[in-house]
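[1] could you look at this predicted model? Sequence included:
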Amino acid sequence: MDQTETHPAAPPEPRSHLAVLAGVGLALALAFTTALWWDTRGRIGSTQEELARRLRDIEAESRGARLAARESQEAVRLAQAKLAALEARLAESQSQQLALEALYQELSRSRDEWHLAEIEQVLAIAQQQLQLAGNVRAALLALQLAESRLGRNDRTQFLPVRRALARDIDRLRSLPAIDLPGMSLKLDALVAAVDSLPLAFDERAERPPASKDAPARDEGLWLRFGGELWKELRQLVIVRRIETAEPPLLPPTQAYFVRENLKLRLLNARVDLLTRDEAGYREDLRVAQRWIQRYFDVRSKPAQGALAQLKQLSAASISFEAPSIAESLEAVRAFKSRRERG
């Protein structure tokens, strides 16, 4: 019987263990890289979606701004048309007054009928001035002119007419004096100064940024690296407490529309001033003050001067119950009728 020799099994080599560990490490690194790539891809996709959404919002706001600009231009054209119509009425009234003054120079002191016809025409124009433009000064001058014409005749038969003229003169003199031309010039000056008002965003953009915490000098390499990494991570999400309302950020196109809308408000206030619409006048001035305080640098001298002018204009009252000079006009017509019947 042959005997076979048995040899003991050789122990595993150390290189096989290193290969297994290297494969496991490589698999872990590959898995970590795959996970990091997937997460980065998801963040990039969400960032692209947010950017697309913001672009759509900006495009919608731009369309709204263009629509508002067209509406503002149409409103400006309507306001200019109303202003032109009103100025045409005033020019027509002034031309009638000039024609009447020329007629006064041509008329002589011949008969009472001519005096009464002149007085009636003067009073009719004065009544028209009160009804259309509320021109108290022109009506007062017309009444004083009529009273002086009758006073030069010094006849007792004109006493009832002169009493009626005196009562209407007293009523007109008791009214508060309103400098409509001066207020209109102030509004025109404000409209011209709108383009020179500095915006609040421009002032805010010029402020120096606040200094952050400086890195410590004695930190080690790893501490500095950790600090820089933490600082970068903190800038991803910023929580800020706003104590006061910050001025809005306006692109150049919207800043142009803000200035044009402010001019439109001031022009509307000028139209309301000429038409004695006190409610619309005060509302337009209030909105103009609010826009200057919100969109412009109120610490600048031009903005402070504009706000002071608007406050002064808002304090003035432009509406009152305009009296009628119908008593004097009816007295003259009644006197003419009695003379014609007699």
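    Nice, I can see it. The structure presented is a predicted model; accordingly, all values stated were derived computationally and were not measured.

[2] and the next element down the chain from the particular helix or strand that has residue 228 in it?
    Applying DSSP states H and E as the criterion places residue 228 in helix 221-234. Moving toward the C-terminus from helix 221-234, the next helix or strand (DSSP H and E) is helix 252-274.

[3] what is the mean pLDDT for that following helix?
    For helix 252-274, the per-residue pLDDT values average out at 86.

[4] need the CA coordinates for it. CSV is fine.
    C-alpha atoms of helix 252-274 as CSV (Å, rounded to 0.1, in the frame of the first residue of the first chain):
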residue,chain,number,x,y,z
PRO,A,252,-34.1,102.8,-15.7
THR,A,253,-37.3,102.2,-17.7
GLN,A,254,-39.5,102.1,-14.6
ALA,A,255,-37.7,105.2,-13.1
TYR,A,256,-38.6,107.0,-16.3
PHE,A,257,-42.2,106.0,-15.9
VAL,A,258,-42.2,107.1,-12.3
ARG,A,259,-41.0,110.6,-13.3
GLU,A,260,-43.6,110.8,-16.1
ASN,A,261,-46.5,109.7,-13.8
LEU,A,262,-45.4,112.3,-11.3
LYS,A,263,-45.5,115.0,-14.0
LEU,A,264,-48.9,113.8,-15.0
ARG,A,265,-50.2,114.1,-11.4
LEU,A,266,-48.9,117.7,-11.2
LEU,A,267,-50.5,118.5,-14.5
ASN,A,268,-53.8,117.1,-13.3
ALA,A,269,-53.5,119.2,-10.2
ARG,A,270,-53.0,122.3,-12.4
VAL,A,271,-56.1,121.4,-14.4
ASP,A,272,-58.0,120.9,-11.1
LEU,A,273,-56.8,124.3,-9.9
LEU,A,274,-58.1,126.0,-13.0
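
[5] angle of the helix or strand following that helix against helix 252-274?
    Once helix 252-274 ends, the next helix or strand along the chain (criterion: DSSP H and E) is helix 278-295. Taking axes from the mean of the first three to the mean of the last three C-alpha atoms, to 10 degrees, helix 278-295 and helix 252-274 form an angle of 160 degrees between their directions.

[6] what does helix 278-295 rub up against?
    Residues from elsewhere that reach helix 278-295, judged by C-beta atoms under 8 Å, 6 or more residues apart in numbering: 190, 197, 199-201, 247-248, 250, 255, 258, 261-262, 265-266, 268-269, 272-273, 298, 303, 306-307, 310-311, 313-314, 317-319. Where C-beta positions appear, they are placed from N, C-alpha and C, glycine not excepted.

[7] before we move on, back to that, and the helix holding residue 228, what's buried?
    Using 16 or more other C-beta atoms under 10 Å as the test for burial, helix 221-234 gives no buried residues.

[8] what's the mean pLDDT across that helix?
    Per-residue pLDDT values across helix 221-234 average out to 74.

[9] same check, this time on stretch 56-74
    Model confidence over stretch 56-74, given as mean pLDDT, is 86.

[10] same thing with stretch 311-320?
    Taken as a whole, stretch 311-320 carries a mean pLDDT of 81.

[11] only C-alpha atoms, please: export that stretch in CSV.
    The C-alpha coordinates for stretch 311-320 follow below in CSV (Å, rounded to 0.1, in the frame of the first residue of the first chain):
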residue,chain,number,x,y,z
LYS,A,311,-47.3,121.2,1.3
GLN,A,312,-47.7,124.9,0.8
LEU,A,313,-50.0,124.3,-2.3
SER,A,314,-52.0,121.8,-0.4
ALA,A,315,-52.7,124.2,2.4
ALA,A,316,-54.4,126.7,0.2
SER,A,317,-58.1,126.4,-0.4
ILE,A,318,-59.2,126.9,-4.0
SER,A,319,-62.9,126.2,-3.8
PHE,A,320,-65.6,128.5,-2.5
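
[12] hmm, back to that, what packs against the helix holding residue 228?
    The helices and strands touching helix 221-234, judged by 3 or more C-beta pairs under 8 Å, 6 or more residues apart in numbering; DSSP states H and E, number zero.
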